[in-house]
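In: Fold the following for me, if possible:
(one chain, ligands or ions: 1)
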Amino acid sequence: MRLVLPRCTVRDWRRSDADSLARQADNPKIWRNVRDLFPHPYRRRDAVQFIARALAQRPRMQFAIVVGGRAVGGIGLIPGTDISRLTAEIGFWLGEEFWGRGIMTAAVRALTRFAFFNRGLRRIQANVIEWNRASMRVLAKAGYAREARLQLAVTKQGRTVDDIIYAAVRRKRPAVTPRPTSMSAVKRKRARRKS
Ligand SMILES: CC(C)(COP(=O)(O)OP(=O)(O)OC[C@H]1O[C@@H](n2cnc3c(N)ncnc32)[C@H](O)[C@@H]1OP(=O)(O)O)[C@@H](O)C(=O)NCCC(=O)NCCS
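Out: Down below sits the predicted model:
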């Protein structure tokens, strides 16, 4: 996947992004706004493992944000399951030196469109820790609606606070139902040839 935007490119991770990823992600100002699953400190081996997992996903749902040829942030979708299978949660972060240039607003907007039109999703949701005003602003600018405040739903850095839910939906159903995503295009081609 590759989305070329005026301020950045959103593309698949590459193994060669590991150094830049570790350098940009190793920041307490990023960590305090994301899940505890996000390592802190963020070492090179964390970056290598993350990239390997992202590349093994089918279909891929985690992407690098590239500025000036360097991977300086991440954006991704965690798809729901069962009856929530057309819903996904969006997550994102950007290296601090790049904040305030409109990069994430553009990336969220583009990935949301991609999720609706290329992945067949109908709802993208974001969970924002109550103190994260910048993220709320990004989501509002990218067309997300503030839907709910889940009281005391998250615990971060020893504080239990509210979780603010933002969402974007695609009301119109796609004309063609997306194909099942468990088989890659290559495998599908091979299976067709064999049958
Ligand atoms: C949130 C984050 C992704 C924003 O990326 P970005 O590229 O700087 O975002 P943009 O430049 O597109 O927009 C940021 C907006 O937030 C506003 N903003 C920044 N800090 C703010 C604050 N403390 N209070 C209110 N608004 C704030 C900016 O002014 C801007 O709005 P504007 O265009 O109306 O002026 C980045 O700060 C980040 O990575 N933070 C840490 C990780 C994180 O929070 N991830 C999201 C988890 S839900």
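
In: Where does the prediction get shaky in this structure?
Out: Where the chain drops to pLDDT under 70, the residues are 174-195.

In: Quick one: residues contacting the residue nearest the centre of it.
Out: Taking C-alpha atoms, centre = their mean, the centroid of the chain lies closest to Gly76, which sits 1.8 Å from it. Listed by C-beta atoms under 8 Å, 6 or more residues apart in numbering, the contact set of Gly76 reads Ala54, Met61, Gln62, Phe63, Ile90, Gly91, Phe92. (Glycine included, C-beta is placed from N, CA and C.)

In: redo that, cut-off 10 Å
Out: If a contact means C-beta atoms under 10 Å, 6 or more residues apart in numbering, then Gly76 has 13, 54, 57, 60-64, 88-93, 111 as its contacts.

In: Would you check how far apart it and the ligand are?
Out: From Gly76 across to the ligand, the span is 11 Å (C-beta to the nearest ligand atom, to the nearest Å).

In: and which of the contacts of Gly76 is nearest to the ligand?
Out: Nearest to the ligand out of the contacts of Gly76 is Trp93 (C-beta to the nearest ligand atom; 3.9 Å).

In: ok now do that closest one, which residues does it touch?
Out: 24-25, 27, 29-31, 33-34, 38, 65, 72-76, 104, 135.

In: Among the residues you listed, name the ones in strands.
Out: Cross-referencing the contacts of Trp93 against strands under DSSP state E gives Ile65, Val72, Gly73, Gly74, Ile75, Gly76.
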